[in-house]
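1. Attaching a predicted model along with its sequence, questions to come.
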Amino acid sequence: MFEGFDATVLARMQFAFTVSFHFIFPSFTIGLASYLAVLEGLWLWTGRAVYIDLFKYWLKIFSLVFGMGVVSGVVMSYQFGTNWSVFSDKAGSIVGPLMAYEVLTAFFLEAGFLGVMLFGMNRVGKSLHFTATVAVAIGTLLSAFWILAANSWMQTPVGHIVAANGQFQPGSWLTIIFNPSFPYRLVHTVLAAFLTTALAVGGVGAWHLLRGHKTGGARVMFSMAMGMLTVVVPIQLVAGDQHGLNTLEHQPAKVMAMEGHFDSHPDGAPLFLFGWPDMEKRRVDYGVYVPKLGSLVLKHDLNAPMKGLDTVPRADWAPVPIVFWSFRIMVGLGLLMLLLAGWSVLARVRHQLYDWTWMHRLALCMGPAGFVATTAGWVTTEVGRQPFTVFGLLRTADSSSPLQAPAVATSLLAFICVYFVVFGAGIFYILRLMNQPPHHDEPGPSEAVPARAAGITPAPVVPHAIGEL
């Protein structure tokens, strides 16, 4: 199955598979944790039962997604030692502490309050429970902060010192953490997580509206999701544009691959809408493009000169077709999100938000779009960094462990089989939960399976008045 691939290519395939699978879960939990905090806050503020019912409904889903994210993340991190030992040796003094900070701050915060959030609704006071929910939400954002700081340093490495043995040693931690691409990548990724959650919640709400379950829970979740899209999609378009300009400044070869610019354009570059980049012929075949629009988008000037891959050594090119098309998938889905957001605004103004069937169908189809768009975005940024692990300083070919190809191929096959069985079962169960409409007095995670039915003697519930002391 993997004949003809060397150990480095197989190690890259394994990491790409595991990180793509893993990122599905954090991209959901980051936004979903904040959504849960908003729902509980609205319940405490307004006293409306629909908010706490939705909170309990999505809390069960959050607990499963969070658990699968933790497990897949731990498995992924082991590959730094097994498949990428040279990278770990060279860059471990910088990447290692950043990942440790993520565990010491974000993960401990999440783990410390997660139990209270999941099982403490009837055992602690309302204020303490809300505090736990907010703490978990903050923990997910802190986790994104540290992981993206490490990744951004690999994209735009600064603040380090190269030792005599070739290891990267920290010079200034503030410079390392707040490297040139970090603020843009952090904003772009967190907004993408919020959009992923909004689309998933909106898709579930649309599903129940289409099935005739126009209950308060289905209506409220759909309304909140469409409202979130309306606010965040335009902000994301601006953030994405700024992130692209930052990438053009610090990683111009990546942008050249994204745009399919094999040749330099001294008087304005075209914007390729579609086409097939041919790296051997150094051209985009079957290209559909708009003249000079590329310069307008990238430099805000129709006639601005743009350099092409002809100015970059051939050995430093990224795989252009992958980067070219993953970027277009991300942007195309972003435009569909904008269409859905605009349609929902029109429906809301006309008081038809819960009645326009075709809009609900589009929202249902767009439910998984956030996961696809974020994955495509990461493919763009990670494959676009090739052939380097630390951009411009450490090549991928020089970063892998001295392993034989059959050993890596065996572990890759094992990952594929186990992931699809274990996580496939988890995702199937999540979809089953989503298939059930939220209803009044929704049971939480601790109430989903009655204790007596499971043969367990229930623990005494602390009276609510005592829990508020």
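-> Done, it's in. Numbering: from 1, shown residues only.

2. For whichever strand or helix holds residue 74, give the mean pLDDT please.
-> Assigned by DSSP states H and E, residue 74 belongs to helix 49-82. For helix 49-82, the mean per-residue pLDDT is 86.

3. What is the next helix or strand after it packed up against?
-> Going down the chain from helix 49-82, the next helix or strand is helix 85-101, by DSSP H and E. Under the contact definition 3 or more C-beta pairs under 8 Å, 6 or more residues apart in numbering; DSSP states H and E, helix 85-101 sits against helix 49-82, helix 126-155, strand 168-170, helix 173-177, strand 388-390, strand 394-395. (C-beta placed from N, C-alpha, C; glycine too.)

4. Nearest to residue 226, out of those?
-> Across these, residue 226 has its closest neighbour in helix 49-82 (14.8 Å, C-beta to C-beta).

5. Counting by contacts, list what the closest one packs against.
-> Counting by 3+ C-beta pairs under 8 Å, 6+ apart, helix 49-82 packs on helix 7-46, helix 85-101, helix 108-119, helix 216-250, helix 405-435.

6. residues of it that come out buried?
-> The neighbour-count check on helix 49-82 (16 or more other C-beta atoms under 10 Å) flags 50-66, 68-70, 72-73, 76, 79-80 as buried.

7. Show me how far whichever strand or helix holds residue 372 is from its chain's centre.
-> Assigned by DSSP H and E, residue 372 belongs to helix 369-383. Chain-centre distance of helix 369-383: 8 Å, with C-alpha atoms, centre = their mean, to the nearest Å.

8. what do you get for stretch 28-35?
-> Using C-alpha atoms, centre = their mean, the offset of stretch 28-35 from its chain centre is 11 Å.

9. swap in stretch 241-248?
-> On C-alpha atoms, centre = their mean, the centre of stretch 241-248 falls 18 Å from that of its chain.

10. now stretch 277-290
-> On C-alpha atoms, centre = their mean, the centre of stretch 277-290 falls 30 Å from that of its chain.

11. Can you tell me the SS state at residue 5?
-> Using DSSP: H, G, I helix; E, B strand; the rest coil, the structure places residue 5 in coil.

12. I meant to write residue 340 there.
-> helix.

13. what residues are up against it?
-> For residue 340, the contact set (C-beta atoms under 8 Å, 6 or more residues apart in numbering) comprises 202, 226, 229, 359, 362, 363, 366.

14. measure the fourth one to residue 412 for me?
-> The one in question is residue 359. Here the criterion is C-beta to C-beta, to the nearest Å. By it, residue 359 lies 42 Å from residue 412.

15. Poorly predicted segments of the stretch 301-450 of the chain, please.
-> 441-450 (pLDDT under 70).

16. So for residue 86, what's the pLDDT?
-> pLDDT recorded at residue 86 is 90.

17. So it sits against residue 398, correct?
-> Yes. Contact criterion C-beta atoms under 8 Å: residue 86 and residue 398 qualify, at 6.5 Å.

18. Give me the neighbour count for residue 172.
-> Close neighbours of residue 172, defined as other C-beta atoms under 10 Å, add up to 12.

19. list the contacts for it?
-> So, once contact is read as C-beta under 8 Å, 6+ apart, residue 172 ends up touching residue 159.

20. Now it, what are its backbone angles?
-> Backbone geometry at residue 172, expressed as degrees, to the nearest 10, gives phi -130, psi 110.

21. Tell me the pLDDT of it.
-> Predicted confidence (pLDDT) for residue 172: 92.

22. do you know how far it is from residue 130?
-> To residue 130, residue 172 is 38 Å away according to C-beta to C-beta.

23. try residue 84
-> 41 Å.

24. neighbour-wise, which of the two wins?
-> Using other C-beta under 10 Å, the more surrounded residue of residue 84 and residue 130 is residue 84, with 21 against 17.

25. Surely the more buried one is in contact with residue 8?
-> No. Look at residue 84 against residue 8 with C-beta under 8 Å: they stay out of range, at 9.6 Å.

26. what's the helix or strand for residue 438?
-> Residue 438 belongs to no helix or strand, assigned by DSSP H and E.

27. which non-adjacent residue is nearest it?
-> Excluding the flanking residues, the one nearest residue 438 by C-beta to C-beta, 6 or more residues apart in numbering is residue 217, at 3.3 Å.

28. same deal with residue 392?
-> residue 157 (7.4 Å).

29. So for that neighbour, what's the pLDDT?
-> Note on residue 157: pLDDT of 94.

30. That one should be in a strand, yeah?
-> No. Counting by three-state DSSP, residue 157 falls outside a strand, being coil.

31. Just list the residues touching it, thanks.
-> Counting by C-beta under 8 Å, 6+ apart, residue 157 makes contact with 168, 179, 390, 391, 392, 393.

32. Format those residues as a markdown table; extra columns: distance to residue 282.
-> Below are these laid out as a markdown table (distance: C-beta to C-beta, whole Å):
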| residue | distance to residue 282 |
| --- | --- |
| 168 | 34 |
| 179 | 32 |
| 390 | 27 |
| 391 | 23 |
| 392 | 22 |
| 393 | 26 |
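
33. Between those, which sits nearest residue 371?
-> Among the contacts of residue 157, and counting by C-beta to C-beta, the member closest to residue 371 is residue 391, at 26.4 Å.

34. any idea how far the closest one lies from residue 117?
-> Distance from residue 391 to residue 117, by C-beta to C-beta: 38 Å.

35. If you count surrounding residues, which of these two has more?
-> More neighbours surround residue 117 than the other of residue 391 and residue 117, with 28 against 20 (other C-beta under 10 Å).

36. Residue 86 and residue 398 - which one has more neighbours?
-> Shown here are residue 86 and residue 398; by other C-beta under 10 Å, residue 86 has more neighbours (17 against 14).

37. The more buried one: what's its closest spatial neighbour, skipping adjacent residues?
-> residue 399 (5.1 Å).

38. ok now do that neighbour, which residues does it touch?
-> 84, 86, 87, 90, 389 are the contacts of residue 399 under C-beta under 8 Å, 6+ apart.
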